[in-house]
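K.L.:
got a sequence here, can you model it:
(one chain, ligands or ions: 1)
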Amino acid sequence: MRQLLPDVVDPVDLTALYGDVPAASSRPAVRLNMIASIDGATEVAGKSGGLGGKPDSEVFHVLRSLAKVILVAAGTARSERYGPSRTPIAIVTRSCALDWDSALFTEAPQGAAARPIVVTVAAAPREELSRARAVADVVVAGERDVDLAATLHALGERGFDAVLCEGGPTLNGQLAAAGLIDELCLSVSPMVVGGGAKRVLAGPSLAPPAEGGERTDWRLRSLCEQDGFLFLRYRAERSAGTAAPA
Ligand SMILES: NC(=O)c1ccc[n+]([C@@H]2O[C@H](COP(=O)([O-])OP(=O)(O)OC[C@H]3O[C@@H](n4cnc5c(N)ncnc54)[C@H](OP(=O)(O)O)[C@@H]3O)[C@@H](O)[C@H]2O)c1
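P.N.:
Prediction:
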């Protein structure tokens, strides 16, 4: 793989490149990794796998190796059939309708630091909650919706200061709306898909910044290429705003 920006580096050391992890001052930093087709689709027949290839898989694994915890929404964990990982996985779910007999839970590395974490709500069905507790740590972070800032706080308390979010779009949209994405790693797959697949963020449009209020600018940190795949890395730069003095 070669880096095209900010400088040409061929071949590029991906671990060193992505080792430049984002930071956040009062919570764990969140890096989001997603792949999309040239026309913006994030899945083919319900899975992201149809978009991927060897270069994307390499970036995916490097990003996982640099994270302290992986944050994923239940829809993605179900459709992508998440398995166990050396990096602990935190799953956001309202229903707690997860396959507790799947390898994600039964073959997860032992030990408190590596157990899967189920992040859910107080209103989750009791029976599912007790099944969750048998195979995972359970974090209750909200009544009916998981509060994502509270989720990050809970992950931070466990010592996970670098969060890799792997989607899906519904979770991403909420994280973006709450100003909780610090870096967006986007792989562009050299294919067009058409259809109605979700984009990287789903849900309501993000509110435009108020005049003079806080705003986020997305700065291109690096761009790499291999086999027609592009790997963009945008860092969120937040500014406090310039409201005029009274
Ligand atoms: N291209 C890529 O890189 C990529 C990456 C990831 C996923 N995908 C694709 O995206 C699709 C899945 O994405 P999606 O947007 O449909 O779903 P999603 O974001 O993966 O999952 C949605 C589910 O997560 C839980 N959830 C999300 N926010 C919550 C909150 N605030 N409180 C409580 N629970 C919450 C709920 O789970 P419960 O239903 O359990 O309550 C909800 O139904 C799949 O087709 C997948 O292949 C693509």
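K.L.:
residues near Ser239, how many?
P.N.:
Ser239: 11 surrounding residues under other CB atoms under 10 Å. No exception for glycine: its C-beta is placed from N, CA and C like everyone else's.
K.L.:
got the contact list for the residue nearest to the spatial centre of the chain?
P.N.:
Nearest residue to the geometric centre of the chain (CA atoms, centre = their mean): Cys165, 1.6 Å. Applying CB atoms under 8 Å, 6 or more residues apart in numbering to Cys165 gives the contacts Val30, Arg31, Leu32, Asn33, Ile70, Leu71, Val72, Leu171, Asn172, Leu175, Ile181.
K.L.:
now, those that are in helices?
P.N.:
In helices, judged by DSSP state H, the following of the contacts of Cys165 are found: Leu171, Asn172, Leu175.
K.L.:
number of nearby residues for the nearest residue to the last one once chain neighbours are set aside?
P.N.:
By the measure of CB to CB, 6 or more residues apart in numbering, the closest residue to Leu175 outside its immediate chain neighbours is Ile181, 5.2 Å from it. The number of residues packed near Ile181 is 21, by other CB under 10 Å.
K.L.:
check Gly83 too.
P.N.:
When neighbours are counted by other CB under 10 Å, Gly83 registers 13.
K.L.:
now it: how far from Arg219?
P.N.:
From Gly83 across to Arg219, the span is 34 Å (CB to CB, to the nearest Å).
K.L.:
in the lengthiest helix in the chain, what's buried?
P.N.:
Longest helix in the chain by number of residues (criterion: DSSP H): helix 54-66. By neighbour count with 16 or more other CB atoms under 10 Å, helix 54-66 contains the buried residues Pro55, Asp56, Val59, Phe60, Val62, Leu63, Arg64, Leu66.
K.L.:
before we move on, the earlier item: can you narrow the ones in helices among the contacts of Cys165 to ones near the ligand?
P.N.:
When contact is defined as CB under 6 Å from any ligand atom, the ones in helices among the contacts of Cys165 meet the ligand at Leu171.
K.L.:
most neighbours, which of the ones in helices among the contacts of Cys165?
P.N.:
Busiest of the ones in helices among the contacts of Cys165 [other CB under 10 Å] is Asn172, holding 26 neighbours.
K.L.:
all good on my end, thank you.
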